[in-house]
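Chemist: Show me how the following folds:
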Amino acid sequence: MNTAVTNYAFLGPVGTFCHQALLQVAPVDAQVIPCAGERLAMDKVREGKAERAVVPIENSIEGGVSATLDSLGWDKRLQIVAEMIVPVGFTLAVREGTQLSDITRIGTHSHAWAQCRNWVADHLPGAVHVATTSTAESARMLSEGNAGFQAVLASAAAVTTYGLTPLYEDVADNPGAVTRFVEVA
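Modeler: Next up, the predicted model:
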């Protein structure tokens, strides 16, 4: 009997740091299921719609990821079967034609904002944070043109995936930050 794991849920969309962590553990032929939140990804496992989920659990700058920690004890308990460390670096990106002087609102995940807020204050004083469910989600939204912000702080992978123009790379208040992800079953 073949017991290969084929369905992996993760905090999506494609291009998140979580997706990068998933690629470290998922078989090449795995089906990936992007989810709009950590709990939703873990619920896919609880509901039998995925065999595994990959979610962030701790960031070296911001500490524990509450949504993951809280959800681990919900309902059907999940077991951590692996952990992955992903270096976290951000790119400030825009739609083609947007200038630095056009940026007043930046979309990104709250953990990303916390890791870049001093850089933003130094380079874009007055720019405000617009919270999104993930850094890649902000990139996807901006690429579609209906985001409500002019720039994103996202992974280089998300910037490429969603066809955005990078303005600054390696944006961070604390270079060398990492996020620890876990694979749960």
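Chemist: So which elements touch the helix or strand bottoming out on mean pLDDT in the chain?
Modeler: In the chain, the helix or strand scored least confidently by mean pLDDT, DSSP states H and E is helix 66-72, which has a mean of 81. Judged by 3 or more CB pairs under 8 Å, 6 or more residues apart in numbering; DSSP states H and E, helix 66-72 is in contact with helix 38-46, strand 52-59. Every C-beta, even on glycine, is put in place using the N, C-alpha and C of the backbone.
Chemist: Now find how far off-centre the last one is within its chain.
Modeler: Here strand 52-59 shows a centroid-to-chain-centroid distance of 10 Å under the convention CA atoms, centre = their mean, to the nearest Å.
Chemist: residue contacts, the closest residue to Ile33 other than its chain neighbours?
Modeler: Nearest residue to Ile33 in three dimensions, chain neighbours excluded: Ala9, at 4.4 Å (CB to CB, 6 or more residues apart in numbering). Counting by CB atoms under 8 Å, 6 or more residues apart in numbering, Ala9 touches 32-35, 40-42, 44-45, 49-50, 52-54.
Chemist: Tell me who's in contact with Phe10.
Modeler: With CB under 8 Å, 6+ apart, Phe10 has these contacts: 16, 18-19, 21-22, 32-35, 41, 53-55.
Chemist: repeat that for 6 Å
Modeler: Counting by CB atoms under 6 Å, 6 or more residues apart in numbering, Phe10 touches Cys18, His19, Leu22, Ala41, Val54.
Chemist: again, but for Phe181
Modeler: If you count contacts by CB under 6 Å, 6+ apart, then Phe181 has Ala21, Val54, Pro56, Met84 around it.
Chemist: Go through these and name the one with the lowest pLDDT.
Modeler: Checking pLDDT across these, the minimum falls on Pro56 at 93.
Chemist: residues near that one, how many?
Modeler: 27 (other CB atoms under 10 Å).
Chemist: quick one: low-confidence ranges for the chain?
Modeler: 1-5, 75 (pLDDT under 70).
Chemist: What ranges does the protein have for its strands?
Modeler: Ranges of strands in the chain, per DSSP state E, are 7-11, 31-35, 52-59, 63-64, 80-87, 90-94, 105-108, 128-131, 151-154, 165-171, 178-184.
Chemist: out of the ones you listed, deepest packed?
Modeler: Of all the strands of the chain, strand 151-154 has the most neighbours on average by mean count of other CB atoms under 10 Å, namely a mean of 31.
Chemist: Give me the distance between Ala112 and Asp122.
Modeler: Distance of Ala112 to Asp122, given as CB to CB, to the nearest Å: 16 Å.
Chemist: follow-up on the earlier one: got a list of contacts for the least confident helix or strand of the chain?
Modeler: Glu38, Arg39, Met42, Val55, Ile57.
Chemist: Alright, that wraps it up for me.
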